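In: Requesting a structural model of the entry that follows:
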Amino acid sequence: MEKSKKWFNKAQLEAMMIAANNEFIVASRGFGKSEGIDAPRLLRNVVAMPGGAGALLSPTYSKLLSNTLPAVCHALDRMGYKRDKHYFVGRKPPKDMKFEKPIIEPFKWDYVMSWYNGSIIHLLSFDRPMSANSLNLDWIMGFEAKYLDYKKIVDEVFPANRGNEQYFGECPWHHGLVFSTDMPTFRSGQWILEKRKDMDKELILAIKQIYPEYIYYKSLKKRTNIKEYRYKKLKDDLALFRKNATFYAEYDIFDNLEIIGEKRIRDFKRDLPPFIFNTSILNIRPYKVPNGFYSALNEKIHCYESSDNAYLDSLDYNIKASLNDCRKDGDLASDVPLRVSFDYNASINNVVTGQKIGRELRTQNWQFVKTPRKLQELCDAWCDYYHYFTNKNVIFYYDATSVASSPDGNAKPFYEIITDKLSRRGWNVNQVYIGQPMKHALKHEYIDQALKGSDEFLFPIFNKHNTEYLFMAMEQTGIKMGRNGFEKDKGIEKTPDSPDNPDELKTHGTDAWDTFFIGCNFYDVDLCSSVPSSVSWG
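Out: Predicted structure coming up:
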C-alpha cells in the first residue's frame, strides 16, 4: 500500500490521541466525521484485531445504504483502501484473493464487510430481525447515533459484545464502542448527550499528559535499556488508561475551519433548512414547546421506522443507486389509495401523504418547497417520488382555503392546480372537499384524543425518517387562549423565514396535517362514494 499524507484538524487529532475504548462524538456536518472519526476508527479496529468481528449499526437498512456505507467507503477509498481489493461487502471474498479467515466464519456473507486480514464487520440494522445475539463481537460502532434506539442497542447488541479475550484481551479497543453523530433532533437520539456523564475527565487528562512522552520515546531510532524500559512502561500505561476510558466530545464546523473554509459555511447556511443548519452545523440543541397544540405527541408512541428491504437487497450494495423515491419505503400498502392534503403560502408549499391501514392513520411522508419553487414544483416532486407506486388512486382532501386562486399569477384555484398536475402525471384524483376549516378548540380536542388512543379516532403514527421536519414542527407548535378557547399559535407565520424561525418549522406543515387528519377521520368515503360538497364546523 502506498503511503500518503493525511491532514487532520486539531479536534480529530485530539480524539485520535485519546483513542479511548468508548468514544461518543457529537460533531456537526462539515466537521469531517467520516474521514476524521468514523473510517479511521473502523480501520484501526480492523488492523488491531485481525480475524475479529465488529458490528456497524444502522437504524434501517435504507440508512445503511444511503448514508452510512457510502460515507465510510468513500473515506476508506481516500485513505487508500479499495472495495473489492482490500475488503468486500455482501459476499465472501474470492479464493484467489487469499484473504485470511475470520476467527468465527459467518454462515452467510450477505450483511458482512470482510477484510484482507480476516476481520469481518457485521452490518446490522434495527428494521431487520436482529441476529446479533448469536454473534461474538469484539467491538461495536454506530455512525448515525442520533437515529439509533439506545434500548435496542442495550438489549439486542451489547449482549453480543463478548468473548475472544484470548485473542485480543490486551488490545485497548477490544469490546469498545464508537458512536458518532451530528446533533440529535429527536428525543430518542439524545441518549448520546448523556454519555458526557460517563467520562472520567482525570483519566482523559492523564492520557493527554503521557501521550507526548510516549510518542517521543517511540520515535527514537535507538533506545538505551532505560529508555526502552520507559517506552514500554508508557506504552502499557497508555493501553491500560485507554482500555478503561470513555471519551465524550462535542465539536462544531468551526473546528474544521481550515479545511471547510468560510465560504462553505456560508453555503451551508444558504442551502440547508435553517433549523438543520442550527442543529447539524452549529450543534445547537433543539427544543420542544411545553404544553403545545400537539402536547400528547410522543416520539416513542407515535413514530415508526420502515424500509422495503427486499428492494434494498436487490441493489446489491450499489451505493450509487438512487434512494429518493417510494421504492425504499416499507410502510406503503399497494392495495390502498394514498391520501394527501396540502397547505399553500407565498413562501412555502407543503404536502402530507399517508394511508389509512385498519385503525392506523399513517403519515408516511411530508414534502415541501420554498420560494422561488411553487405549488407546481411541489406536485412534480410528489409525482416523482411516488412514480413507482402501482395504485394510481389518490384521495385529495382540501378545505375552503384551497378554493382561492393561486397568488403566483395562476388564475386557477389551488385545488384545481393540484388535481390537474397529478391527473396529467397519471393519477386518478378523487377530490374530497371538507368545507370551512374546523375551529381550533374543537380540532385541538379531537387531535389530542386521537394521539392518546381514543377508539373514536384513527391512531396517528409517523414515518420517522420521512416526516422528520413535520414532526419537529408539531413539537414546536404553540397554543394560546382565544375567544373560543384553545387556538393554535400561528403568529410565527407572520415572521420572515430566518434561522430562528424557519418556514418549514412553522405551522404551515401542521395545517396540512390537520386537514389530512380531519379528512381521514370524518370524510372516509370510498372511491365510489359521492363527495360531500361542504360542511361548517360550529
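In: what about the nearest residue to Cys303 once chain neighbours are set aside, neighbour count?
Out: In space, and not counting its chain neighbours, Cys303 is closest to Lys464: 4.3 Å by Cβ to Cβ, 6 or more residues apart in numbering. Backbone N, C-alpha and C define where each C-beta goes, glycine included. Summarising burial for Lys464: neighbours were counted as other Cβ atoms under 10 Å, giving 19.
In: my read: Lys464 touches His302, true?
Out: No. Judged on Cβ atoms under 8 Å, Lys464 makes no contact with His302 at a distance of 9.4 Å.
In: The residue nearest to Cys303 and Thr60, how far apart?
Out: Using Cβ to Cβ, to the nearest Å, Lys464 is found at 9 Å from Thr60.
In: Overlap in contacts, these two.
Out: Tyr147, Glu305 (Cβ atoms under 8 Å, 6 or more residues apart in numbering).
In: Break down the stretch 301-450 of the chain into its strands, ranges please.
Out: Ranges of strands within the stretch 301-450 of the chain are 303-304, 338-343, 348-357, 360-370, 393-398, 428-433, based on DSSP state E, counting those that start in this stretch.
In: and among the ones you listed, the most buried is which?
Out: Comparing the strands of the stretch 301-450 of the chain by mean neighbour count (mean count of other Cβ atoms under 10 Å), strand 338-343 comes out on top with a mean of 25.
In: name the helices or strands packed onto that one?
Out: With contacts taken as 3 or more Cβ pairs under 8 Å, 6 or more residues apart in numbering; DSSP states H and E, strand 338-343 sits against strand 348-357, helix 375-385, strand 393-398, helix 508-522.
In: and with 7 Å instead?
Out: strand 348-357, strand 393-398, helix 508-522 (3 or more Cβ pairs under 7 Å, 6 or more residues apart in numbering; DSSP states H and E).
In: mind showing which ranges of the stretch 251-400 of the chain have poor pLDDT?
Out: Along the stretch 251-400 of the chain, segments meeting pLDDT under 70 span 259, 272-276, 278, 280, 283-290, 319-322.
In: what comes into contact with stretch 116-128?
Out: Contact with stretch 116-128 is made by 46, 49-61, 64, 86-87, 99-102, 106, 111-114, 130, 132, 135, 149, 152, 157, 305-307, 309, as judged by Cβ atoms under 7 Å, 6 or more residues apart in numbering.
In: Distance from the chain centre to that stretch, please.
Out: 20 Å (Cα atoms, centre = their mean, to the nearest Å).
In: Okay, buried residues for it please.
Out: By 16 or more other Cβ atoms under 10 Å, the buried positions in stretch 116-128 come out as Tyr116, Asn117, Gly118, Ser119, Ile120, Ile121, His122, Leu123, Leu124, Ser125, Phe126, Asp127.
In: So which helix or strand of the chain has the lowest pLDDT on average?
Out: Across the helices and strands of the chain, mean pLDDT, DSSP states H and E gives its lowest value to helix 274-276, namely a mean of 64.
In: Just the buried ones among the contacts of stretch 116-128, please.
Out: 46, 49-61, 64, 86-87, 99, 102, 106, 111-114, 130, 132, 135, 149, 152, 157, 305-307, 309.
In: Filter those residues down to just the ones in helices.
Out: Val46, Tyr61, Lys152, Asn309 (DSSP state H).
In: quick one: contacts for the spatially most central residue of the chain?
Out: With distances taken as Cα atoms, centre = their mean, Tyr147 lies nearest the centre of the chain, 5.0 Å away. Counting by Cβ under 7 Å, 6+ apart, Tyr147 touches Pro59, Lys63, Gly189.
In: what about 8 Å?
Out: Ser58, Pro59, Thr60, Lys63, Thr181, Phe186, Gly189, Lys464, His465.
In: Single out whichever of those residues has the smallest pLDDT.
Out: Lowest pLDDT of these: Phe186, 75.
In: which residues touch the closest residue to it other than its chain neighbours?
Out: Among residues not flanking Phe186 along the chain, Glu299 sits closest, at 5.5 Å (Cβ to Cβ, 6+ apart). Neighbour list for Glu299: Phe186, Arg187, Ser188, Lys464, Phe471 [criterion: Cβ under 8 Å, 6+ apart].
In: Please pick the buried ones from those residues.
Out: Judged by 16+ other Cβ under 10 Å, buried ones among these: Phe186, Ser188, Lys464, Phe471.
In: can you give me the helices in the stretch 401-538 of the chain?
Out: Along the stretch 401-538 of the chain, the stretches classed as helices by DSSP state H, counting those that start in this stretch are 414-424, 440-451, 468-475, 508-522.
In: any idea of the mean pLDDT for the first one?
Out: Right, the one you point to is helix 414-424. 95.
In: Pull out the buried positions in that helix.
Out: Phe414, Tyr415, Glu416, Ile417, Ile418, Thr419, Lys421, Leu422.
In: can you check the last one too?
Out: Across helix 508-522, burial judged by 16+ other Cβ under 10 Å covers 508-522.
In: From Phe277, how far off is Val72?
Out: 24 Å.
In: Got the domain ranges for this structure?
Out: With domains defined by automatic domain parsing, the chain comprises 10-199+246-256, 200-244, 299-318+326-522.
In: Could you work out the end-to-end span of the last one for me?
Out: Criterion Cα to Cα, to the nearest Å; first-to-last residue distance in domain 299-318+326-522 is 25 Å.
In: Can you give the distance of it from its chain's centre?
Out: That offset, for domain 299-318+326-522, works out to 20 Å (Cα atoms, centre = their mean).
In: Looks to me like Leu240 is in a helix.
Out: Yes. Residue state for Leu240 (DSSP: H, G, I helix; E, B strand; the rest coil) corresponds to a helix.
In: Burial check on it, number of neighbours?
Out: Count around Leu240 with other Cβ under 10 Å applied: 12.
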